[in-house]
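# Predicted model, plus sequence, below.
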Amino acid sequence: MVLYFKARPEVGDYTIFMGFDKFENEELIKYGFPEDVWFHVDKMSSAHVYVRLHKGQTFDNISEGLLEDCCQLVKANSIQGNKVNNIDVVYTPWSNLKKTATMDVGQVGFHNSKMVRTVKVEKRINEVINRLNKTKVERTPDLRGELIISSLVHLH
């Protein structure tokens, strides 16, 4: 199951999504889109949160509001990270995620550490989490199928 959230309307039409558990995270790692940006609490267990950027947009020009929504969601979905203040959240393009056969389920590394950004998250902002949770939709998508369809659409 994948959980989908709508970012705050003033930043544009963005869907933020995350795997329900480490097995869905594994599928999201495998079948990501080039426009996906991955978020995770640094050095702690947490959900894998993604936002799908618009065509032509880079992870360097994510608006402050969209960045805050993603960071708050990943913090709130970290057992350790949700309990403490002043955590770091790392984010990088999906294409920079590196998965090897020796890694545990849901574990990733990076191809290029220079393409990883870090944001300090001072504290949980309940208004942001409550707003996001009101938009939450649970689905069991065919991630592989969505990627194939997207690839075919972009070829034409």
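On my side now, so go ahead.

# And the residue nearest to the spatial centre of the chain, its phi and psi?
Geometric centre of the chain, nearest residue: residue 50, 1.9 Å, by CA atoms, centre = their mean. Per-residue torsions, residue 50: phi -130, psi 150 (degrees, to the nearest 10).

# Distance of it relative to residue 24?
11 Å (CB to CB, to the nearest Å). C-beta coordinates here come from the backbone N, C-alpha and C atoms, glycine included.

# From the chain's centroid, how far away is stretch 131-150?
Put simply, stretch 131-150 sits 12 Å off its chain's centre (CA atoms, centre = their mean, to the nearest Å).

# low pLDDT regions in this structure?
151-156 (pLDDT under 70).

# Please enumerate the strands of it.
2-6, 15-19, 36-41, 49-52, 87-93, 97-98, 109-110, 117-121, 137-139 (DSSP state E).

# Give me the residues contacting the second one.
Outside strand 15-19, the residues that touch it by CB atoms under 8 Å, 6 or more residues apart in numbering are 1-7, 25-28, 47-52, 69-70, 73-74, 77, 106, 132.
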